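Trainee: Have a look at this prediction, sequence included:
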Amino acid sequence: MDRTTLIAGNWKMHKTPDETEEFIREFSGTYEAAPEVEVLIIPPFTSLERAGKLIPGTGIGLGAQDLYFEEEGAYTGEVAPRMLLACGCSYALVGHSERRALFHEDDPTVNRKLLAALSAGLSPILCVGETLDEHRAGKVAEKITRQLSADLAGVGREDLKRVVIAYEPIWAIGTGETATPEEAQDTIRLIRAWIEEHYDAHAAEGIRILYGGSVKPGNAAALLSQPDIDGALVGGASLQPESFAQIARAALDR
Ligand code: 13P
């Protein structure tokens with residue numbers, strides 16, 4: 001089965017609406033969109049509406065960095081799925097390791113967010129990954145499968161088709177250290193095997209699984225050449241139009 005490569009840029013807490021506009025203009029001037037590679041930007045909430053107005057016709061998709069699981073109400077500071085849809089988002093990250101570590105999001109919360117994204121019609125990008133200690137202790141499989149079981153609880157076969165998984169080893173985020181392409185491949189293979197075991201072979205073949213953690217123009221091609229790596233979730237290197245375009249071009253050459 002063909003899985004369309006997805007290159008997603010998680011901007012984290014960077015860029016104002018004006019800076020977002022500048023990025024979109026520069027990126028769409030330098031990168032020629034192609035159907036084999038889906039390119040997605042994931043700006044802060046405050047830039048989503050502007051981005052949503054600018055992206056039609058550019059081939060760039062839009063995602064949010066988080067969402068809340070309620071539809072509306074007294075939840076100061078939170079943003080509902082339908083608000084994201086109204087800005088033009090089609091994806092939302094859930095369970096990014098920074099949300100889990102800095103904002104104390106636990107697996108039941110991640111699961112509720114993922115289910116809320118699905119029921120609103122958004123495609124969740126579920127982030128999983130191990131810490132350096134877990135990595136050193138040989139607990140990668142244990143950690144990842146625990147997160148998958150908890151975070152995908154209640155997701156049926158049909159809805160799973162809209163889920164993207166991003167494997168982001170926490171020790172590789174923003175550190176300049178990456179998992180080797182073989183290490184990333186092995187863990188992503190393990191995630192696919194888990195999907196096969198808990199859903200079926202068809203679901204495992206179809207689900208897109210990304211790698212994230214210090215993906216740069218210089219290492220993207222090697223990572224993307226692995227058979228089970230279906231794209232990249234890029235942090236720092238997605239902030240400059242040219243470096244993000246180079247990563248997207250590396251995906252085109254796969
Ligand atoms: P870096 O690419 O900056 O390591 O960030 C990865 C990440 O967390 C993307 O979600």
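Mentor: On my side now, so go ahead. Numbers count the residues shown, from 1 in each chain.

Trainee: So stretch 159-177, near the ligand or not?
Mentor: Yes - on the criterion C-beta under 6 Å from any ligand atom, stretch 159-177 is in touch with the ligand at 168, 173-174. For the C-beta atoms, the positions are set from N, CA and C on the backbone; glycine is no exception.

Trainee: Tell me the buried residues within the residues you listed.
Mentor: 168, 173 (16 or more other C-beta atoms under 10 Å).

Trainee: From residue 226, how far off is residue 195?
Mentor: 17 Å (C-beta to C-beta, to the nearest Å).

Trainee: tell me which helix or strand of the chain sits lowest on mean pLDDT?
Mentor: Lowest mean confidence among the helices and strands of the chain (mean pLDDT, DSSP states H and E): helix 132-136, at a mean of 94.

Trainee: quick one: it to chain centroid distance?
Mentor: 22 Å (C-alpha atoms, centre = their mean, to the nearest Å).

Trainee: Which strands or helices does it pack on?
Mentor: helix 140-151 (3 or more C-beta pairs under 8 Å, 6 or more residues apart in numbering; DSSP states H and E).

Trainee: Show me what the helix it packs on is packed against.
Mentor: Helix 140-151 packs on helix 107-120, strand 123-128, helix 132-136, helix 181-198, going by 3+ C-beta pairs under 8 Å, 6+ apart.

Trainee: buried stuff in the shortest one?
Mentor: Taking 16+ other C-beta under 10 Å as the basis for neighbour counts, the residues of helix 132-136 that come out buried are 134-135.

Trainee: Please apply the same query to the first one.
Mentor: Within helix 107-120, the residues that qualify as buried are 107, 109-118, 120, counting by 16+ other C-beta under 10 Å.

Trainee: out of the residues of stretch 159-177 next to the ligand, who's nearest residue 30?
Mentor: residue 174 (24.5 Å; C-beta to C-beta).

Trainee: measure that closest one to residue 244 for me?
Mentor: Distance from residue 174 to residue 244, by C-beta to C-beta: 16 Å.

Trainee: what's the closest of the helices and strands packed on helix 140-151 to the ligand?
Mentor: Of all those, strand 123-128 sits nearest to the ligand, with 6.6 Å by C-beta to the nearest ligand atom.

Trainee: Whether that closest one contacts the ligand - can you check?
Mentor: No - using C-beta under 6 Å from any ligand atom, strand 123-128 stays clear of the ligand, coming no nearer than 6.6 Å.

Trainee: and the angle from that strand to helix 181-198?
Mentor: Strand 123-128 and helix 181-198 are oriented at 120 degrees to each other (axes from the mean of the first three to the mean of the last three C-alpha atoms, to 10 degrees).

Trainee: Just give the number of residues close to residue 153.
Mentor: Residue 153 has 14 neighbours, counted by other C-beta atoms under 10 Å.

Trainee: residue contacts, it?
Mentor: By C-beta atoms under 8 Å, 6 or more residues apart in numbering, the contact list for residue 153 reads residue 111.

Trainee: Right, I'll call it a day here.
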